[in-house]
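Visitor: I need the structure of the sequence given here:
(one chain, ligands or ions: 1)
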Amino acid sequence: MTSLIKLEIQKKTFKKKGFSILNDFELKVEPGERLSIIGESGVGKTSLLNIIGLLDTQYQGSYKLFDSSVKELSRTKLAEWRNQKIGFVLQESALIHSLTIEDNIKLPLMYANIEKDPTVQDHFKRIINKIGIESILNKKPLECSGGQRSRAVFARAVIMNPQIILSDEPTASLDLANKEKMINLLFDMNKEFNTTLITVTHDLDLANRHQRVITLERNE
Ligand SMILES: Nc1ncnc2c1ncn2[C@@H]1O[C@H](COP(=O)(O)OP(=O)(O)OP(=O)(O)O)[C@@H](O)[C@H]1O
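Guide: Next up, the predicted model:
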């Protein structure tokens with residue numbers, strides 16, 4: 001079977017910084033896997049998510065995603081895949097404050113120009129219902145609670161039914177009840193659609209609920 005993700009990084013360096021991260025780092029991920037990434041602060045977890053999520057292509061090494069070599073993809077293709085195949089669950093602050101929750105969630109549909117498609121409308125209703133945020137659709141993010149905003153970020157991440165969900169500290173700002181809701185939503189997507197989950201976290205309890213845990217080590 002071909003891996004969904006096949007990453008072989010020699011190193012990632014930043015301009016003006018005298019060090020590199022992700023030295024000789026290799027990762028293979030299969031479709032439907034639940035993987036978590038842990039490691040001390042500054043080791044490169046978010047940088048790795050940015051590479052996997054096609055936000056960063058500036059590193060030494062190769063990356064095959066869906067059997068295509070990422071470095072050979074055009075900028076348009078990269079943007080299309082980021083929008084359609086990958087869902088990013090970032091901190092709640094990733095919402096646009098001037099838009100309603102509904103418009104925030106529908107942004108990926110608008111980028112793909114499919115927001116009027118009837119099947120898409122059905123999917124939108126289903127996701128909203130599953131996540132339980134019907135009552136806040138007309139509100140602006142700052143009129144919502146932190147837990148509601150997190151669920152809206154999640155809804156936006158899954159509205160395109162992505163094959164991969166990348167989460168960066170998805171439960172960091174949530175209380176216990178909302179944390180459980182968020183974890184259930186993530187794992188439900190995995191169960192129902194075989195969505196691959198890659199979760200960066202400092203929370204060992206959350207990490208250990210994944211099938212596989214990778215610890216990033218600091219390179220000397
Ligand atoms: N755009 C950038 N320019 C320069 N250095 C950067 C940039 N992004 C990250 N770094 C550096 O790369 C290293 C890894 O950062 P990264 O955010 O990936 O770590 P992390 O493991 O996610 O940390 P944390 O757990 O604190 O979020 C850090 O030393 C950071 O300062």
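Visitor: and the next element down the chain from the longest helix along the chain?
Guide: Ranked by residue count under DSSP state H, the longest helix found in the chain is helix 176-193. Next helix or strand after helix 176-193 toward the C-terminus (DSSP states H and E): strand 196-200.
Visitor: and the residue positioned nearest the centre of the chain, backbone torsions?
Guide: Central residue of the chain (C-alpha atoms, centre = their mean): L166, 2.2 Å from the mean position. Dihedral pair for L166: phi -110, psi 120, per degrees, to the nearest 10.
Visitor: what's the answer for the one 3 residues further on, then?
Guide: Reported as degrees, to the nearest 10, the phi and psi values for E169 are phi 50, psi 60.
Visitor: all strands for this structure, in order.
Guide: 5-13, 20-21, 25-29, 34-38, 60-65, 68-69, 86-89, 164-168, 196-200, 212-215 (DSSP state E).
Visitor: tally of neighbours for P108?
Guide: Per other C-beta atoms under 10 Å, the neighbour tally for P108 reads 21. All C-beta spots, glycine's among them, are computed from the backbone N, C-alpha and C.
Visitor: on that earlier part again, from what I can see the residue nearest to the centre of the chain touches V89, true?
Guide: Yes - under the contact definition of C-beta atoms under 8 Å, L166 touches V89, with a separation of 7.0 Å.
Visitor: Ramachandran coordinates for the residue nearest to K106 when sequence neighbours are not counted?
Guide: Counting by C-beta to C-beta, 6 or more residues apart in numbering, K106 lies nearest to E115, which is 5.5 Å off, once chain neighbours are set aside. Dihedral angles of E115 (phi, psi; degrees, to the nearest 10) stand at phi -70, psi -20.
Visitor: sorry, back to before: got TSV for the strands of the chain, with mean pLDDT too?
Guide: Shown next, in TSV, are the strands of the chain (pLDDT from 0 to 100):
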stretch	mean pLDDT
strand 5-13	94
strand 20-21	90
strand 25-29	96
strand 34-38	97
strand 60-65	96
strand 68-69	94
strand 86-89	92
strand 164-168	95
strand 196-200	97
strand 212-215	96
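Visitor: on that earlier part again, any idea how far T195 is from the residue nearest to K106?
Guide: According to C-beta to C-beta, to the nearest Å, E115 stands 22 Å off from T195.
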